[in-house]
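Participant: Please find the sequence and the predicted model below.
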Amino acid sequence: MDNLKNDSRLKNKTAEQDVIGLMLLEPEVQTALDTMPISLFTDTEKTIVQGFKEVHGKIENITLVELMEELKKPSYDLDITTLTELTKFVSECTITKYHLNKTLKVLSNLRKKREFVEYAIESIEKLLKGAELESQTIELTNKLERFIQCKNDSINGVNSLVQKSMNRLENTDIQTKFGYSLLDKNIGGVKPGDYTIIGAKSGVGKTTLALNIALNVLEQGKKVLIISREMTDVDVFDRFATMVSKIPSMKFRNKDFTADDWKKFVNASGYLGEYEGKLLIDNDSTKISDIIKLVRRYKPDLVVIDYLQLLSAEDGSKLENAERIIANISRNIRTMTLKYNCHVMALVQLNNSFKGMPHGENVIRQSATVYQDATAVIYLHDLEDKEELKFVYSSVGGIGDTEAENIIKNNKSKKSMSVYAFKLDKNRNGATGIEPITFIRPNFKMYDNDGLKNI
C-alpha cells in the first residue's frame, strides 16, 4: 500500500521544480503563491513551497537568498545539499510565466490522482478490517464524486453567486406546495435541500400527515420516494388507495368490499397508476447508506422516512448508544438533502414522558440533534384539554366552550374524527405558528381549516 502511495507516476518532479524555479526567476509570478495549494507539491518540493509561502507573507518579491535563509531554519529539516540545489531549479527551469497555469493544471491533476489512491487505499484497509462492502462502496463513491464535480478546485466567487441568485429569482416555476396553508405560507413550500421533521407520539397521525403531503406533491408532478420501516410497500399503497377512493380503511383490513367499493378501488388504482415512476415505495432499506443509494439512483424531489428511530446503525457504529446513532443518521440526512438537492421529510417519535404541548428539542425521543439539524419541525399534538384546544383555535377565529367540549369528547373516544394541534415549532427560514388540523380516520385524510372548507 505504501509503495502505491509513493508511486513516481503520481508525481512530476520536473514540473514541481520548474514552478519553484520560475517564481525565483520571475518574481512577478510569485502572486500565484496566494492561491497555490501546497498539496500540489510533494516531498522536499512541498517543504520548499511551504517556506516560500511563509516568506511571501512578509516580503513582496522574494530572492533566492531570502528563500534559502528561511529554509535554513530547523523547523524545515532540510540539509545543505537540498538548499544548494535551489540554484539548479532556477538555471534548469524549462517554462516561462505563460506556461505557469498549464503546469499548475498538470500538478493539480496529479494531486487528484494521489487523493483518489489515498481514498481507495483507505477503503481497502477498512474492508480488510471487517467493514461492510456496500457501505464502503457508497462512502468511496461520495468522496470520488468531488473529482467529477471539480469541487476541490475553487469556491464560488461573489459574481458567480450573484448570477446564481438572479437565475433563481428569475425562475418562474411554481413552488411545490405542502398543501397546508400554515406550512406553505411560513416555509414557502417543499423546497429542495430542506430537511423537515414531523414529530408526534404513537398513533397521533405522523404517517397520515406525511402521506397526505406526499400525495399533494405527486399531484404537482414531482417524484416521491417513501421509505417505510413500519409497513410493507403494499400497505403503503393501500393507504394511498384509501385516501384517493375514500373507501373506509376497515374494509381494506377486513377485505370486505362491495361491488361499489371494487369500482372505487379500480378507479383509485388507475389514478395512482398514472404516477408510475413518480411514486416509489421501499421497505427494504434499513440504513441511511441504503437510502442514499436510492436517492442517487432515482433522484426524487421528496423523500419520506417513516420513521427515523427505526433506521439501523451503519456497520462499525453499532456499539454506539442510541442517541449517537440517531444523531449520525440525522446529520447524514442533512448532508444528503444538500448533496442531491431533494427535500427530506423524516418522521420521529416523541417521548411519552412529557405532558402538554410539545416544544423544542427535548421532546424528541433519543436525540435532540434531530431538531437542531432540521430546517423545519412540525409537531402533532392530541388535544384533550379544553383551554389548550381553544388556544389552538384562536389562530383561525376562535371557538366556543360547548363546541370545544364536544371536540374534546370526540378526541378522547378515538373514533372516526380527531382534532389535533398542528404546530410549526421551528422554521429556519421564517415564522412559526399553530393551527387545528382534523384527522378523518376512516380515509386517512388530514385537513387544515382551509381544507375543511373545500370538502
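Facilitator: Happy to help now that I have it.
Participant: What's the mean pLDDT across the helix or strand hosting S165?
Facilitator: Under the criterion of DSSP states H and E, S165 resides in helix 158-170. Here helix 158-170 scores 70 as its mean pLDDT.
Participant: Stretch 8-17 too?
Facilitator: 93.
Participant: S289 contacts E314, doesn't it?
Facilitator: Yes. Using Cβ atoms under 8 Å, S289 is in contact with E314, at 6.0 Å. C-betas here are computed from N, CA, C, even on glycine.
Participant: Relative to the whole chain's centre, how far out is the helix or strand just after the helix holding S165?
Facilitator: Going down the chain from helix 158-170, the next helix or strand is helix 181-186, by DSSP H and E. Centroid separation for helix 181-186 versus its chain: 22 Å, with Cα atoms, centre = their mean, to the nearest Å.
Participant: list the helices and strands helix 181-186 packs on?
Facilitator: strand 417-427, strand 433-440 (3 or more Cβ pairs under 8 Å, 6 or more residues apart in numbering; DSSP states H and E).
Participant: Identify the residues contacting that helix?
Facilitator: Under the contact criterion Cβ atoms under 8 Å, 6 or more residues apart in numbering, helix 181-186 has outside partners 177-178, 376, 378, 422, 424, 427, 430-435, 448-450.
Participant: follow-up on the earlier one: any residues in contact with both of S289 and E314?
Facilitator: The contact lists of S289 and E314 share S135, where a contact means Cβ under 8 Å, 6+ apart.
Participant: Next, the distance between the ends of stretch 307-326.
Facilitator: Stretch 307-326 has its terminal residues 11 Å apart, counting by Cα to Cα, to the nearest Å.
Participant: between the helices and strands packed on helix 181-186, which one is nearest to N167?
Facilitator: The closest of those to N167 is strand 417-427. By Cβ to Cβ, the value is 25.2 Å.
Participant: what about H381, helix or strand, and which?
Facilitator: strand 376-382.
Participant: Hey, what's the angle from that strand to strand 417-427? Just curious.
Facilitator: Interaxial angle, strand 376-382 versus strand 417-427 (axes from the mean of the first three to the mean of the last three Cα atoms, to 10 degrees): 150 degrees.
Participant: from now on call the first residue 59
Facilitator: OK, 59 is where the count begins now, so the last one is strand 434-440.
Participant: Pull the distance from stretch 293-302 to the chain's centre.
Facilitator: 28 Å.
Participant: Pull the residues that contact that stretch.
Facilitator: 265-266, 269-270, 273, 284, 286, 289, 305-307, 310, 323, 326-327, 329-330, 337, 339, 341, 501-503.
Participant: Filter these down to the ones in helices?
Facilitator: Of the positions in the contacts of stretch 293-302, T265, T266, L269, N270, L273, S307, F310, F323, A326, S327, Y329, L330 sit in helices, assigned by DSSP state H.
Participant: Next, the contact list for the fourth one, please.
Facilitator: For N270, the residues meeting the contact criterion (Cβ under 8 Å, 6+ apart) are G237, M301, F502, K503, M504.
Participant: follow-up on the earlier one: listing partners with orientation, what would you give for the strand holding H439?
Facilitator: strand 253-258 (parallel), strand 475-485 (antiparallel) (DSSP bridges).
Participant: With mean neighbour count added, can I get these in TSV?
Facilitator: Formatted as TSV, the strands paired with strand 434-440 follow (neighbours: other Cβ atoms under 10 Å):
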stretch	mean neighbour count
strand 253-258	26
strand 475-485	21
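Participant: any chance of those strands in a markdown table, plus mean pLDDT and distance to E74?
Facilitator: Shown next, in a markdown table, are the strands paired with strand 434-440 (pLDDT from 0 to 100; distance: least, Cβ to Cβ, whole Å):
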| stretch | mean pLDDT | distance to E74 |
| --- | --- | --- |
| strand 253-258 | 95 | 44 |
| strand 475-485 | 93 | 51 |
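Participant: Next up, the contacts around E118.
Facilitator: Applying Cβ under 8 Å, 6+ apart, the residues near E118 are Q88.
Participant: and it, that's in a helix?
Facilitator: No. E118 sits outside any helix when classified using DSSP: H, G, I helix; E, B strand; the rest coil, being coil.
Participant: What is the helix or strand that E127 is a member of packed up against?
Facilitator: For E127, the enclosing helix or strand under DSSP H and E is helix 122-129. Packed against helix 122-129 by the contact rule (3+ Cβ pairs under 8 Å, 6+ apart) you find helix 101-114, helix 144-149.
Participant: Quick check: buried residues in it?
Facilitator: The neighbour-count check on helix 122-129 (16 or more other Cβ atoms under 10 Å) flags L125, M126, E128, L129 as buried.
Participant: Check those residues and tell me the two furthest apart.
Facilitator: M126 and E128 (7.3 Å).
Participant: With respect to G456, which of the helices and strands packed on helix 239-244 lies nearest?
Facilitator: strand 491-498 (11.0 Å).
Participant: Neighbouring strands - and their directions - for the closest one?
Facilitator: Partners of strand 491-498 in its sheet, by DSSP bridges: strand 475-485 (antiparallel), strand 503-506 (antiparallel).
Participant: Could you dump those strands into CSV with distance to P416 added?
Facilitator: CSV is the format used below for those (distance: least, Cβ to Cβ, whole Å):
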stretch, distance to P416
strand 475-485, 7
strand 503-506, 17
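Participant: Run the chain-centre distance for the strand holding H439.
Facilitator: For strand 434-440, the distance to the chain centre is 21 Å (Cα atoms, centre = their mean).
Participant: Packing partners of the helix or strand just after that strand?
Facilitator: Downstream of strand 434-440, the next assigned helix or strand under DSSP H and E is helix 444-451. Using 3+ Cβ pairs under 8 Å, 6+ apart, the elements in contact with helix 444-451 are helix 459-471, strand 475-485, strand 491-498.
Participant: who touches helix 444-451?
Facilitator: So helix 444-451 is contacted by 414-415, 441, 456-457, 459, 462-463, 465-466, 477, 479, 492-494 (Cβ under 8 Å, 6+ apart).
Participant: which one of those is nearest Q88?
Facilitator: I492 (61.3 Å).
Participant: The closest one and S476: what is the separation?
Facilitator: Here I492 is placed at a distance of 16 Å from S476 (Cβ to Cβ, to the nearest Å).
Participant: Equivalent analysis for A258, please.
Facilitator: From A258 to S476 the distance is 12 Å (Cβ to Cβ).
Participant: D137 now?
Facilitator: 81 Å.
Participant: Kindly report the same for L330.
Facilitator: 26 Å.
Participant: likewise D348?
Facilitator: 34 Å.
Participant: And S347, by the same measure?
Facilitator: S347 is 37 Å from S476, by Cβ to Cβ.
Participant: Kindly report the same for G79.
Facilitator: For G79, the distance to S476 - Cβ to Cβ - is 78 Å.
Participant: How about N507?
Facilitator: N507 is 15 Å from S476, by Cβ to Cβ.
Participant: Same question for S239.
Facilitator: 20 Å.
Participant: Sketch out the low-pLDDT regions of the stretch 409-513 of the chain for me.
Facilitator: In the prediction, the stretch 409-513 of the chain carries residues with pLDDT under 70 at positions 513.
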